[in-house]
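In: got a sequence here, can you build the structure:
(one chain, ligands or ions: 1)
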Amino acid sequence: MITALDAIVRNDRYPLSPRIRTLRELSQAATGAAPAGTTAAAQGSTPRRPSAGTGGVTEMKPYHHGPPLTLGGAAAARVRLVVWCRDCQHQVEPDPAEMAERHDAETTVPDWRRRLVCGNCCSKQIDFVATAARR
Ligand SMILES: [Zn+2]
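Out: Residues are numbered from 1 along each chain as shown. All right, here's what the predicted structure looks like:
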């Protein structure tokens, strides 16, 4: 039973989902409190490292790399912004420093992108990538 739970937790692609949290709690409760029915099979399935609280799931956090990039941060880091219209493929590479001046250095790039309108067809379906500037 515990081995099965661990396998589910390990194989789940969404480790922070409530379902997995519940499974983890179940697994931990079963391992610690050893309710009736738990057998020696549980001993072979100890987690690779002891999990204290929610610390155990930290390494599996999906795609979060801190606060979003701001225009000021993009300018300081010399990030190259490529913005394009999904409707007409019109593409521009605005200068982050200029954008930080014109808007606000604290504006996050995703927020800024939401305000953009295609200069060619007035579409708001704007997409962007931020890459390291060419030297
Ligand atoms: Zn367009």
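
In: what residues does the protein put near the ion?
Out: Proximity of the chain to the ion, by CB under 5 Å from the ion, involves residues 85, 87-88, 90, 118, 120-121, 123. Every C-beta, even on glycine, is put in place using the N, C-alpha and C of the backbone.

In: could you tell me which of the residues you listed belong to strands?
Out: Taking DSSP state E, the ones among these that sit in strands are Cys85.

In: out of the residues of the chain next to the ion, the closest to His103 would be?
Out: His103 has its nearest neighbour among the residues of the chain next to the ion in Cys118, at 17.3 Å by CB to CB.

In: got the contact list for that closest one?
Out: 85, 87-88, 90, 124-126 (CB atoms under 8 Å, 6 or more residues apart in numbering).

In: apply 7 Å and report the result again.
Out: Cys118 makes contacts with 85, 87-88, 90, 126, as judged by CB atoms under 7 Å, 6 or more residues apart in numbering.

In: let's have those residues in a markdown table, adding pLDDT.
Out: Output for the contacts of Cys118, formatted as a markdown table (pLDDT from 0 to 100):
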| residue | pLDDT |
| --- | --- |
| Cys85 | 97 |
| Asp87 | 97 |
| Cys88 | 98 |
| His90 | 97 |
| Ile126 | 96 |
